[in-house]
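Q: I need the structure of the sequence given here:
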Amino acid sequence: MATVLPTQHDFAAQAFERVMRLRRLIASVALFILLELSLVGLAPYADTVASATSQQGDIGRQVLILGALGLLMIAPSNARPPMAVPTSILILLGYCLLTCLWAIEPALAMRRLALTTAAIWIVVRSVGDLGAVRTLNLMRIVLVVLLVANFVSIYATPLAKHLATDESSIIDDWRGVMSHKNVAGVACSMTILFFAFDRTSSRMPPWVHALVLSAATVFLAMSNAKTSIGMVVIALAAGFAMQFYNPRHRSMALPAGVTATGLIVLYVFMYSGIIERILNDPFALTGRGSIWPPLLEYAGDHLLTGSGFGSFWQIGDRSPIFDYSRGWVAHNIGSGHNGYLDLLVTIGLPGLILAVTVLLVWPMIRLLCSLSIGRPRRALLCSILVFCAGANMTESTLLDRTSVVEIFLVIAVVLIHRLSDQSAGAHQHLRERMIRLATRNSFKAIRSRIATGDWSRPGAVRDAAGTPEPAEDRIG
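A: Numbers count the residues shown, from 1 in each chain. Alright, predicted model coming up:
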């Protein structure tokens with residue numbers, strides 16, 4: 001029997017696979033570090049309460065982030081080029097860097113932006129090396145291990161519940177090994193979404209999915225995290241609806257979106273009096289009614305520029321909140337408890353519009369237009385986007401370093417970019433048009449018009465004096 005000797009191609013394939021196995025291992029470790037920092041932190045049961053005057057950073061957290069960065073940087077890159085940060089995210093980070101020029105505390109703003117950028121870069125590199133299936137399975141494993149640890153801690157130590165030394169309204173609420181019940185609520189909600197959708201890629205028996213879903217639902221209910229409880233129901237509804245969506249019928253999605261937006265605006269106008277009374281009630285929305293008016297007032301005075309990235313809360317005595325509030329909001333609150341308002345007061349209205357477009361609108365468009373993304377995975381990614389968008393109505397996590405909702409949102413956005421780049425669809429045509437608008441030829445045409453002072457339309461007929469002739473005066 002003849003023996004088939006390995007060819008040069010076989011040796012190259014084996015070498016490629018060895019390098020990629022190493023890169024996937026490093027990516028798994030880096031992503032695990034990032035998930036552990038966002039979900040648990042450096043110590044279980046550690047309270048993370050920040051006020052407007054606190055500005056110190058967490059040295060241990062920064063060291064771990066730098067360690068994850070270092071691991072990814074030393075990973076071999078000769079087998080396949082690493083995934084690049086999406087252009088839209090680079091533009092957003094570039095604008096945030098621009099706002100650091102007028103930030104109240106530029107050094108602090110730069111440090112916070114650097115940590116946010118590092119977390120995003122870790123996600124991009126890890127997802128690029130692991131791929132969609134391995135990334136989703138790694139996150140499922142992390143969430144299940146965390147859920148088990150949470151249940152064990154409930155029966156092992158009283159610290160797994162909020163004690164009388166915490167806020168009086170959250171006594172006995174479950175938090176597990178995490179810092180707060182709201183973080184536990186997000187973790188349980190994500191566990192529910194990850195095990196409710198795209199189940200075939202997890203390679204787990206159906207009874208495991210049912211058990212995990214039941215356990216996560218129980219812990220979520222006992223955490224009493226109201227935002228997570230409400231948003232996970234909406235996210236599940238959006239995910240189940242997405243399972244029936246056909247991207248070839250995307251022309252119906254825009255009218256449906258416009259109709260839904262119109263109904264929301266109409267609802268706001270119809271019940272504006274009730275909404276105003278809620279905002280003016282200092283005890284409404286668990287005290288958020290006292291936090292948002294000063295932010296809206298500051299935004300009205302600094303609508304375009306804001307205070308600079310990360311330069312409103314937790315920057316010491318120079319925080320702008322002291323100019324707009326003298327009560328408990330100024331001295332005891334470390335965030336606006338609304339991600340959109342916090343971006344509005346830090347990077348201004350242009351930055352808020354850019355951030356919402358890059359992190360929520362454009363990924364959703366790509367998800368709706370991509371033809372090759374399977375319905376179960378489309379449902380999962382859509383549900384994560386919806387949950388994160390809604391959670392930021394009562395919590396501030398957009399572009400907030402390693403906050404748990406921000407990390408899950410970035411993972412979903414990067415996965416959408418990776419999958420949609422490999423899929424045909426209308427989003428590819430939109431992307432090509434935007435690229436053509438920013439081509440070198442377009443910039444050359446603008447430069448030539450500036451140099452010659454000629455701003456007439458291309459192809460316009462000019463008279464002897466060089467003045468464009470009106471269309472109605474031309475001889476056909």
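
Q: going forward, measure contacts between C-alpha atoms and count neighbours the same way
A: Will do.

Q: name the SS class of the residue nearest to Met83 when sequence neighbours are not counted, please.
A: Excluding its sequence neighbours, the residue lying closest to Met83 (C-alpha to C-alpha, 6 or more residues apart in numbering) is Gly128, at 4.9 Å. Three-state call for Gly128 (DSSP: H, G, I helix; E, B strand; the rest coil): helix.

Q: what stretches of the stretch 201-350 of the chain score poorly on pLDDT?
A: 249-258, 260-289, 328-332 (pLDDT under 70).

Q: all helices for it, in order.
A: Counting by DSSP state H, counting those that start in this stretch, the stretch 201-350 of the chain has helices at residues 206-223, 226-242, 253-270, 272-280, 288-301, 321-324, 328-332, 339-356.

Q: the fifth one vs helix 339-356, what angle?
A: Comparing the axes of helix 288-301 and helix 339-356 via axes from the mean of the first three to the mean of the last three C-alpha atoms, to 10 degrees yields an angle of 50 degrees.

Q: and if you look at the first one?
A: Angle of helix 206-223 versus helix 339-356, following the same axes, to 10 degrees, is 140 degrees.

Q: one step back: now the residue nearest to Met83: how far from Ala84?
A: As for Gly128, its distance to Ala84 is 8 Å (criterion: C-alpha to C-alpha, to the nearest Å).

Q: these two: which has the busier surroundings?
A: Gly128 (21 against 12; other C-alpha atoms under 10 Å).

Q: so that one sits against Arg80, correct?
A: No - Gly128 is beyond contact range of Arg80, at 10.1 Å (criterion: C-alpha atoms under 8 Å).

Q: how many neighbours does Trp102 have?
A: 15.

Q: wait, what's in contact with it?
A: Contacts for Trp102 were tallied using C-alpha atoms under 8 Å, 6 or more residues apart in numbering; they are 307-308.

Q: can you pull the pLDDT of it?
A: Trp102 carries a pLDDT value of 92.

Q: separation between it and Leu352?
A: Distance from Trp102 to Leu352, by C-alpha to C-alpha: 17 Å.

Q: likewise Leu303?
A: 10 Å.

Q: what do those two both touch?
A: Joint contacts of Leu303 and Leu352 (C-alpha under 8 Å, 6+ apart) are Leu344.

Q: ok, the two, which is more surrounded?
A: Leu352 (22 against 18).

Q: how close does the more buried one get to Val404?
A: 20 Å.

Q: again with Leu136
A: 16 Å.

Q: repeat that for Trp102.
A: 28 Å.

Q: what do you get for Ala221?
A: Using C-alpha to C-alpha, which is the criterion applied here, Ala221 is 19 Å from Val404.

Q: more neighbours, these two?
A: The neighbour comparison of Ala221 against Val404 (other C-alpha under 10 Å) goes to Val404, with 22 against 16.

Q: neighbours of the closest residue to that one other than its chain neighbours, how many?
A: In this structure, Val404 finds its nearest non-sequential neighbour in Ser38, 4.7 Å apart by C-alpha to C-alpha, 6+ apart. By the criterion of other C-alpha under 10 Å, Ser38 has 22 neighbours.

Q: any idea which element Ser38 lies in?
A: helix 8-39 (DSSP states H and E).

Q: dump the helix or strand following that helix to PDB, restricted to CA.
A: With elements assigned by DSSP H and E, the helix or strand that comes after helix 8-39 is helix 59-74. Output in PDB follows, covering the C-alpha atoms of helix 59-74 (Å, rounded to 0.1, in the frame of the first residue of the first chain):
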ATOM      1  CA  ILE A  59      -4.900  50.700  39.700                       C
ATOM      2  CA  GLY A  60      -5.600  46.900  39.800                       C
ATOM      3  CA  ARG A  61      -8.200  47.200  37.000                       C
ATOM      4  CA  GLN A  62      -5.800  49.200  34.900                       C
ATOM      5  CA  VAL A  63      -3.000  46.700  35.400                       C
ATOM      6  CA  LEU A  64      -5.200  43.800  34.300                       C
ATOM      7  CA  ILE A  65      -6.400  45.700  31.200                       C
ATOM      8  CA  LEU A  66      -2.800  46.400  30.300                       C
ATOM      9  CA  GLY A  67      -2.000  42.700  30.900                       C
ATOM     10  CA  ALA A  68      -4.700  41.700  28.500                       C
ATOM     11  CA  LEU A  69      -3.500  44.200  25.900                       C
ATOM     12  CA  GLY A  70       0.100  42.900  26.300                       C
ATOM     13  CA  LEU A  71      -1.100  39.300  25.700                       C
ATOM     14  CA  LEU A  72      -2.800  40.200  22.500                       C
ATOM     15  CA  MET A  73       0.100  42.300  21.300                       C
ATOM     16  CA  ILE A  74       2.600  39.400  21.700                       C
END
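
Q: right, I'll call it a day here.
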